[in-house]
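> A predicted structure for the sequence below; I have some questions about it.
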There are 2 protein chains.
Amino acid sequence: MVQQNLSADLRKRLVKSVGSCNGEDVKNSVVRRISILNWIGAYQREDLLSDFIAGITLGLTIIPQSLAYAGLAGLPSHYGLYAAYMGSLVYVIFGTVKEVSIGPTSLMALLAVQYTMDKPIQYMIILAFLAGLVELLMGVLKLGFLVSFIPIPVTSAFTSATALIIVGTQLKHLFGIPSKAHGFFQTLYSLTTRIVESNPGDLILGGFAIAFLLGLRQITRIPINDKTPRGKVLKKFLWYLSLSRNALIVLITSAIAFRWNSSGEQVPFKLSGHVQPGIPGFELPIYSVQSGNVTIGYFEVVRELGSSLVLVPLVAVLANVSIAKAFSAGKIVDASQEMIALGLCNLLGSCFSAMPTCGAFTRSAVSHSSGVRTPLAGIYSAIMTLLALSLLTPYFYFIPKTTLAAVLICSVVFMVDFSIVKVLFKASRTDILSWVGCFCVSLFAGVEVGLLFGIFISVIGLLKVWVRPGIQQDSIEKQGHRYVKLSPETGIFFPAVDFLRTKVIEVANEQQVPIVVDCSGVIGLDHTSTKGMKELAGELKKVSQKLILLNLKPSLRKILEESDEEIFNFWEDETDADGDNNNVVRNIG
Amino acid sequence: MVQQNLSADLRKRLVKSVGSCNGEDVKNSVVRRISILNWIGAYQREDLLSDFIAGITLGLTIIPQSLAYAGLAGLPSHYGLYAAYMGSLVYVIFGTVKEVSIGPTSLMALLAVQYTMDKPIQYMIILAFLAGLVELLMGVLKLGFLVSFIPIPVTSAFTSATALIIVGTQLKHLFGIPSKAHGFFQTLYSLTTRIVESNPGDLILGGFAIAFLLGLRQITRIPINDKTPRGKVLKKFLWYLSLSRNALIVLITSAIAFRWNSSGEQVPFKLSGHVQPGIPGFELPIYSVQSGNVTIGYFEVVRELGSSLVLVPLVAVLANVSIAKAFSAGKIVDASQEMIALGLCNLLGSCFSAMPTCGAFTRSAVSHSSGVRTPLAGIYSAIMTLLALSLLTPYFYFIPKTTLAAVLICSVVFMVDFSIVKVLFKASRTDILSWVGCFCVSLFAGVEVGLLFGIFISVIGLLKVWVRPGIQQDSIEKQGHRYVKLSPETGIFFPAVDFLRTKVIEVANEQQVPIVVDCSGVIGLDHTSTKGMKELAGELKKVSQKLILLNLKPSLRKILEESDEEIFNFWEDETDADGDNNNVVRNIG
């Protein structure tokens, strides 16, 4: 009986120590991760209608955007649609924020294309797969804090630069100039030198499309008396008209192209060309890639993808978590779950040939204003996208390239935001430096380098505090005893100990009085700083000068006391300075 | 007259604003940098004798070491001697610490060879030149603080790993096994599998050399009564014998080889072979490199040198400044001047075909115990090295390779130090992680990757504090008013603001009381954290909960008050909580 109890107890402890490796626990935590199970039970009929309307509205936005973003990523249009329907479907099951719409985005497309430019399409699919894996890991290992290393100035500069670059690259389609130029300045240069080659057809149609899109964007601002029933309907109609502007312009210009073509004449603007109909089957994206006559091994592909395997997931997670937060309004976002959902969207998506995806701010705003109730809305967008893939692909042939360029330009041009610069000038030097650095490097060397550079500058700004902490110096005289008090503003970790040592020795050389270091702000000591402090105390002892540490936390004091020699003096607080100096400066042995 | 005055004033201001661009200032600051001018005036006859003895002693150490370190760097032996005499000479003029001995070192040799392995010799010279340039810039731009990012655990792990790797690579010479293996484990593996190929001649001579070196190293520990004049002389003799052990073993074994060779028989151990006599002329190392039939452009060479252009100068400066500090004893080291001196040693040295150099701890200790008085001692070591290059090179042919291996092994084996690990285990997790990380990665992937990895872990440890600051939570009740006080231990910069926001919202959801954030530890706010704090205050205001910032510095308070809305409440100190809550919680508008 005793033995039985013992083994039961043992088993309990084992189970405890193994933690979530226990079968039941694993099941529970997996179930908890399938978010749909947490809300589908309470799903009601009115939710259904709201989600249906929101889903259809979203579909009207996501289809033309996906075609354009795929082009931006250097892929045939249908790859954007694959990503759109897979992202929508998977997020229904694992997502937590009803507004979020996962699918192709301009950020992802432009960032990913830096690494996959002029390479076979499979590079993009493999990137989506691995990025998904990294996102999933970030979620499971709770590494979401990594995105907090991208501060707002960097996000802002990165977004503005991305938008500018996209406008730059799309101008060539708008002008109908065939150009292989990459990068902002290169494209602009190639445009200005070859402006005479512009194709009037592309230019006229593109200009019309832009005017149409910008006009419909403003249409909701028309003041309408929505007190009357007619006014209400009109307002709703205009809102819907504005929302479906991308779909409308694609429809209108394709119809023009279709008619022109049917008339047997040469269409005077470039068309998208053949789009693959149907849906690709399942294929795990772990394969070698055929490029011309050369076979590139899987690991070679991974090596070439390089830093994209960190940057693409980082930006995707940042976008998703920001959107989730923007719509959460005071509730706490389960960032881990968002990363897991995003990771699965990309992992599963890439198995069905989808390009890398993340949440899109503009589409999420559409969902929100369409009155979305649950992530189930994604089902309807997915169905619309699938229908487009099966039924509409023959007509996608006729979408003018210049129309897609206009759609892209009009969706990103409002992302350019220079107003923050004025604010940052007033904030800190690191903030403005990281903005300018990220922005300029993005334009000159590509967004991926710019992003890294911006983060680098911000992190340097943080480290500066550890290297050169502010140290306040006060000469104090109390009841005839004089001492100099040095108050470093923050913890003395390894990069700062030498700085402090130099400062103390300087003061000690100038004034032959005890030196009190106020350690109220010292939150930690590492091996290097402990050793540095000991050396300093030893050096001062040699020249018979006292080093007194004031307000040092007991835990840190213990670390210093482990020294063999009696070199440190400690004060609990400054009243220790009163009375007889020799008595009060207690020497800890 | 007025105009004349005005222009004089203008000129003064211009001169002031241009600062050190003024001719006189430039001259002064250049003269100040030529350190020898500051002490040569006070040079005395007894200094001369002391420096002479120290210089000759140093020469006996530096010549055999240079031959060995050049071999370690994959260069013919004479390149070590070029570096030794140029380093010694230039440091005489620009150096500030009399003990420092600049020349080839094991750290530099092993670090540099990672980048120049299997490449033409010119790579090493170009690396020396560019490293010198970077060191000079670090000195002029006062970037010496960069070395404070290498904490002691990383230095220690890096040094131990370097020593182990050197022992590993030298074992093949000791065993006389010709092997092209690089890296610690690869060499060990190749050794164990090919142990039967060992050459008995190399092994016996090498074993003898090691026994000789270790024996003479210990000889000064023999207890001798140095009260008697004979004892004093004996002690001095033993000390000198011990110091010249490297030179002696090279001399003895070369003599054996010379005799063996003269007798017409095959020498049973490998010899160093031909050493170029004489001194190379001046050549600026900015040239393209011929490798076989291929010409490699200068910029391509620079690109291939990659991160070595940062790492080599960083380690060199770290070594120099550490040595300077170790011998400065309570005085402040002019770190900038040390970097400039080191930079010039490498810049000028490389123009005369020297390999990269830095200060060597062991040699500096030799100088110190030889009673060096001024950096002028370097003159005598330089002359000895030059004499060796002009007169002894024919004999260098006979230096057995196994002897140089023994010299190397015996100089580095005591650098292996695992005792620090025990100390670090008691210190912080970051310290032990950075030691283990740097050590293992150095052994597996090379010292340059290991060093970077160690620094990376240490910096992550520093950043951790900014991401997840400790936040203390107290529930306080004062005169019937309840509130929760949250005290973050350090400044809220961008990586932490989200963490704090989540914490505050969690607490606010649990308890419907005002939340007081104690900002005593907050040393700064950037744009991202300002915006985050505003969002947080806004969110709490929506649910009618108060957010009160306690003890916020006036300068930071001003930043927050620039917000348009009245969302923040400030307390100067906690007595503000007394009395009527509504009156006291002053709302700043």
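Yep, it's here.

> Quick one: distance of the helix or strand that residue A:323 is a member of to the chain centre.
Per DSSP states H and E, residue A:323 falls inside helix A:308-328. With Cα atoms, centre = their mean, to the nearest Å as the basis, helix A:308-328 stands 4 Å off its chain's centre.

> What of stretch A:42-49?
The answer for stretch A:42-49 is 33 Å, by Cα atoms, centre = their mean.

> for stretch A:105-113, same thing?
12 Å.

> Stretch A:217-237 now?
With Cα atoms, centre = their mean, you get 36 Å for stretch A:217-237.

> and what of stretch A:200-220?
That offset, for stretch A:200-220, works out to 31 Å (Cα atoms, centre = their mean).

> How about stretch A:47-58?
For stretch A:47-58, the distance to the chain centre is 28 Å (Cα atoms, centre = their mean).

> tell me the mean pLDDT for that stretch?
Averaging pLDDT along stretch A:47-58 gives 89.

> Now that stretch: buried residues?
A:47, A:50-51, A:53-58 (16 or more other Cβ atoms under 10 Å in any protein chain shown). No exception for glycine: its C-beta is placed from N, CA and C like everyone else's.

> The helix holding residue A:323 packs against which elements?
Packing contacts for helix A:308-328, counted by 3 or more Cβ pairs under 8 Å, 6 or more residues apart in numbering or on different chains; DSSP states H and E, involve helix A:106-116, helix A:122-140, helix A:152-175, helix A:335-351, strand A:358-359, helix A:361-369, helix A:447-467.

> right, and the helix or strand after the last one?
The C-terminal neighbour of helix A:447-467 among helices and strands, as given by DSSP H and E, is strand A:471-478.

> Now tell me what touches the helix or strand following that following strand from outside.
Next along the chain after strand A:471-478, taking DSSP H and E as the criterion, comes strand A:481-488. Here strand A:481-488 makes contact (Cβ atoms under 8 Å, 6 or more residues apart in numbering or on different chains) with A:469-476, A:496, A:500, A:503-504, A:507, A:511, A:513-522, A:548, A:550, A:577, A:581.

> near chain B, which residues of the stretch 1-150 of chain A show up?
A:145, A:148-149 (Cβ under 8 Å from any Cβ of the partner chain).

> residues contacting residue A:451?
By Cβ under 8 Å, 6+ apart, the residues touching residue A:451 are A:111, A:150, A:154, A:158, A:311, A:315, A:438, A:442.

> Can you check these and name whichever has the most neighbours?
residue A:438 (32 neighbours; other Cβ atoms under 10 Å in any protein chain shown).

> That residue and chain B: what is the separation?
Residue A:438 sits at a distance of 13 Å from chain B (criterion: Cβ to the nearest Cβ, to the nearest Å).

> Leaving out sequence neighbours, find the closest residue to that residue.
residue A:454 (2.9 Å; Cβ to Cβ, 6 or more residues apart in numbering or on different chains).

> Would you mark the buried spots in the helix or strand harbouring residue A:87?
Assessed by DSSP H and E, residue A:87 sits inside helix A:78-94. Residues A:78-94 are the ones in helix A:78-94 that count as buried (16+ other Cβ under 10 Å).

> So which residue is smack in the middle of chain A?
residue A:318 (2.4 Å; Cα atoms, centre = their mean).

> mind listing what that residue touches?
A:147, A:150, A:155.

> Apply 6 Å and report the result again.
When contacts are counted by Cβ atoms under 6 Å, 6 or more residues apart in numbering or on different chains, residue A:318 is found next to A:147, A:150.

> and what of residue A:228?
If you count contacts by Cβ under 6 Å, 6+ apart, residue A:228 has none.

> Show the pLDDT at it.
pLDDT, residue A:228: 89.

> That one and residue A:237, how far apart?
For residue A:228, the distance to residue A:237 equals 14 Å [Cβ to Cβ, to the nearest Å].

> How about stretch A:250-266, which residues are buried there?
Result for stretch A:250-266 [16+ other Cβ under 10 Å]: buried residues A:250, A:253-254, A:256-258, A:260.

> Next: stretch A:322-332.
A:322-328.

> how far does it sit from the chain's center?
For stretch A:322-332, the distance to the chain centre is 15 Å (Cα atoms, centre = their mean).

> again, but for stretch A:516-533
Its chain's C-alpha centre lies 36 Å from the corresponding centre of stretch A:516-533 when counted by Cα atoms, centre = their mean.

> quick one: contacts of that stretch?
So stretch A:516-533 is contacted by A:483, A:485-487, A:489-494, A:497, A:501, A:548-552, A:556, A:559, B:151-153, B:424, B:427-428, B:431, B:489-490 (Cβ under 6 Å, 6+ apart).

> other SSEs contacting the longest helix seen in chain A?
Criterion DSSP state H: the longest helix present in chain A is helix A:45-72. Other elements packing on helix A:45-72 under the criterion 3 or more Cβ pairs under 6 Å, 6 or more residues apart in numbering or on different chains; DSSP states H and E are helix A:78-94, helix A:245-262, helix A:361-369, helix A:377-387, helix A:401-412.

> can I get the CA coordinates of the fourth one in PDB?
Which is helix A:377-387. Output in PDB follows, covering the C-alpha atoms of helix A:377-387 (Å, rounded to 0.1, in the frame of the first residue of the first chain):
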ATOM      1  CA  ALA A 377     -16.400  36.300 -42.800                       C
ATOM      2  CA  GLY A 378     -13.200  35.000 -44.400                       C
ATOM      3  CA  ILE A 379     -15.100  31.900 -45.700                       C
ATOM      4  CA  TYR A 380     -17.000  34.100 -48.100                       C
ATOM      5  CA  SER A 381     -14.000  36.000 -49.400                       C
ATOM      6  CA  ALA A 382     -12.300  32.700 -49.900                       C
ATOM      7  CA  ILE A 383     -15.300  31.300 -51.800                       C
ATOM      8  CA  MET A 384     -15.400  34.400 -54.000                       C
ATOM      9  CA  THR A 385     -11.600  34.100 -54.700                       C
ATOM     10  CA  LEU A 386     -12.000  30.400 -55.500                       C
ATOM     11  CA  LEU A 387     -14.900  31.200 -57.900                       C
END
